[in-house]
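Asks: Quick one: sequence plus predicted model below, questions after.
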Amino acid sequence: MLHRLPSVTIVALLLASSALAQTGREASDPAFEWGERNTSYPPAFDAQFRAPIVVTQAELEVETIVGGLVHPWAIENLPGDAGFLVTERTGTLRRVTSEGELSAPIGGTPEVRYERQGGMLDVETGPNFAQDRMIYLSYAKPTGTNAAGKTMSATAVGRGRLSEDFTRVEGFEDIWVQDPSAPEPIHYGSRIAFDGDGHVFITTGERFTFENRPRAQQLGATWGKTIRVNPDGSIPEDNPFVGVPDADDSIWSYGHRNIEGAQVVDGRLVVLKMGPQGGDEVNVIEPGLNYGWPLVSYGRRYDRFGGALIGTGTAKIEGAEQPLFFWDPVIAPNDFVVYDGDMVPEWQGDFLISALVAGGLVRLEIGEDGLVQAEERVLPDLKRTRDVEVDDDGSLLVITDQEDGRLLRITRR
């Protein structure tokens, strides 16, 4: 299990050694090729990059629970045998029964901006769902037009009560809205995670463009940030920038590109950040710290923008935190789970990551020291995956991001 995630900038160099020996199994013939790097920046420590490749010996089976989903973005397990909630980026929330029946769109959800990366995004049941049936939705919220007549939008999170018959979200209201809005329908971030202490984490993107991205470093804007609020949207008094002049009190950390994966692991927020051309990252978040974007990156600009180096042209500067792990070339990580099921016991405590470019799942084997020991590409033929959950029996639930998307169940044969 992931008992402790160290501050990688301080102790990783002391801990990262003999990674393959610590996995407890032999490396196999590579199941994939790493591909050519986009930059030549050396990793800050050995375990930060290109971990040894392993292959699980268990045979896995994939079954389709339901198809016909239009670009699904998130899945949430409902308690007992009530089935699952699935968002479609088109703007709908649906229920899938445990028998695989797909509901009509659930009513009472907010209007969304469905364009490019915008739409209905994450869904999570609240920590007290069994008592209050509260669910939380993140989405691209339309916020009017600017002086040039362009549609503006912002990442927003709201909550409401899921009706007993699963047909409506009652009393939906926003608890947090990104500020300012932007016309570009891209890089919304938008994962939701609960910390177990009564707080809600929200991730945002920096809205992509060269003009927008510097705001990831600005504490007066909530672009390129992790956010922490109370369930009603009020601000916890111990947030790191409360009382700091010109800073937004909701900010937990800053200097991020586009975070589409987030989980609280052993009490600490862990996020997956999409890089540019190279430089996808796993970040262990500490309150108030700067994670570097767009000043540093292990990637470079896309070729269509000239392929130039990012920011300072380096991957490390004083005052910017290093990632726990990075990929170059990219996997395009989305959400992830820490596996805690019995079906594949050798995966206990590992990160299982949905991935748009790598396809299927990317498994990171995490050691007792909190560092990455090995990597595996699981079922890459599934192609673009957006979210993954562990069901009660230890099987995996995965959604594919396609025009005809599917909700899948992965079991051990």
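Replies: Yep, it's here.

Asks: and stretch 116-133, how far from the chain's centre?
Replies: Offset of stretch 116-133 from its chain centre (Cα atoms, centre = their mean, to the nearest Å): 14 Å.

Asks: ok, now stretch 368-380?
Replies: The answer for stretch 368-380 is 17 Å, by Cα atoms, centre = their mean.

Asks: residues in contact with residue 299?
Replies: For residue 299, the contacting residues are 38-39, 275-280, 310, 328, 330, by Cβ atoms under 8 Å, 6 or more residues apart in numbering. Just so you know, the C-beta spots here come from the backbone N, C-alpha and C atoms, and that holds for glycine as well.

Asks: tell me the centre residue of this protein?
Replies: residue 261 (0.7 Å; Cα atoms, centre = their mean).

Asks: Okay, and the beta partners of the closest residue to that residue other than its chain neighbours?
Replies: Closest residue to residue 261 apart from its sequence neighbours, by Cβ to Cβ, 6 or more residues apart in numbering: residue 272 at 3.1 Å. Assessed by DSSP bridges, residue 272 has beta-bridge partners residue 261, residue 282.

Asks: can you count the residues close to residue 272?
Replies: 29 (other Cβ atoms under 10 Å).

Asks: Quick one: the helices in the chain, in order.
Replies: 8-15, 129-132 (DSSP state H).

Asks: Just the buried ones among the contacts of residue 299, please.
Replies: Buried members of those, counted by 16 or more other Cβ atoms under 10 Å: 38-39, 275-280, 310, 328, 330.

Asks: Let's have these in a markdown table, adding distance to residue 163 and pLDDT.
Replies: Formatted as a markdown table, the entries for those read as follows, by distance: Cβ to Cβ, whole Å; pLDDT from 0 to 100:
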| residue | distance to residue 163 | pLDDT |
| --- | --- | --- |
| 38 | 49 | 96 |
| 39 | 51 | 96 |
| 275 | 41 | 97 |
| 276 | 43 | 96 |
| 277 | 45 | 96 |
| 278 | 46 | 97 |
| 279 | 43 | 97 |
| 280 | 39 | 98 |
| 310 | 47 | 95 |
| 328 | 46 | 97 |
| 330 | 40 | 97 |
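
Asks: Can you pick out the ones from those that are in strands?
Replies: For those, the ones inside strands are residue 280, with DSSP state E as the criterion.

Asks: which one of the buried ones among the contacts of residue 299 sits closest to residue 194?
Replies: Comparing those against residue 194 with Cβ to Cβ places residue 280 closest, at 24.4 Å.

Asks: ok, now which ones touch that closest one?
Replies: Contacts of residue 280 by Cβ under 8 Å, 6+ apart are 272-274, 299, 326-328, 330-333.

Asks: now the buried ones among the contacts of residue 299 in JSON lines, with distance to residue 45?
Replies: Converted to JSON lines, the buried ones among the contacts of residue 299 look like this (distance: Cβ to Cβ, whole Å):
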{"residue": "38", "distance to residue 45": "20"}
{"residue": "39", "distance to residue 45": "17"}
{"residue": "275", "distance to residue 45": "18"}
{"residue": "276", "distance to residue 45": "22"}
{"residue": "277", "distance to residue 45": "23"}
{"residue": "278", "distance to residue 45": "18"}
{"residue": "279", "distance to residue 45": "16"}
{"residue": "280", "distance to residue 45": "17"}
{"residue": "310", "distance to residue 45": "21"}
{"residue": "328", "distance to residue 45": "16"}
{"residue": "330", "distance to residue 45": "20"}
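
Asks: which stretches of the protein have low pLDDT?
Replies: In the predicted model of the chain, residues 1-31 satisfy pLDDT under 70.

Asks: can you give me the end-to-end distance of stretch 263-271?
Replies: 7 Å (Cα to Cα, to the nearest Å).

Asks: In that stretch, which of the residues would be classed as buried?
Replies: Buried-residue list, stretch 263-271, by 16+ other Cβ under 10 Å: 263-265, 268-271.

Asks: Just give me how far that stretch sits from the chain centre.
Replies: With Cα atoms, centre = their mean, you get 11 Å for stretch 263-271.

Asks: same deal with stretch 88-96?
Replies: That offset, for stretch 88-96, works out to 18 Å (Cα atoms, centre = their mean).
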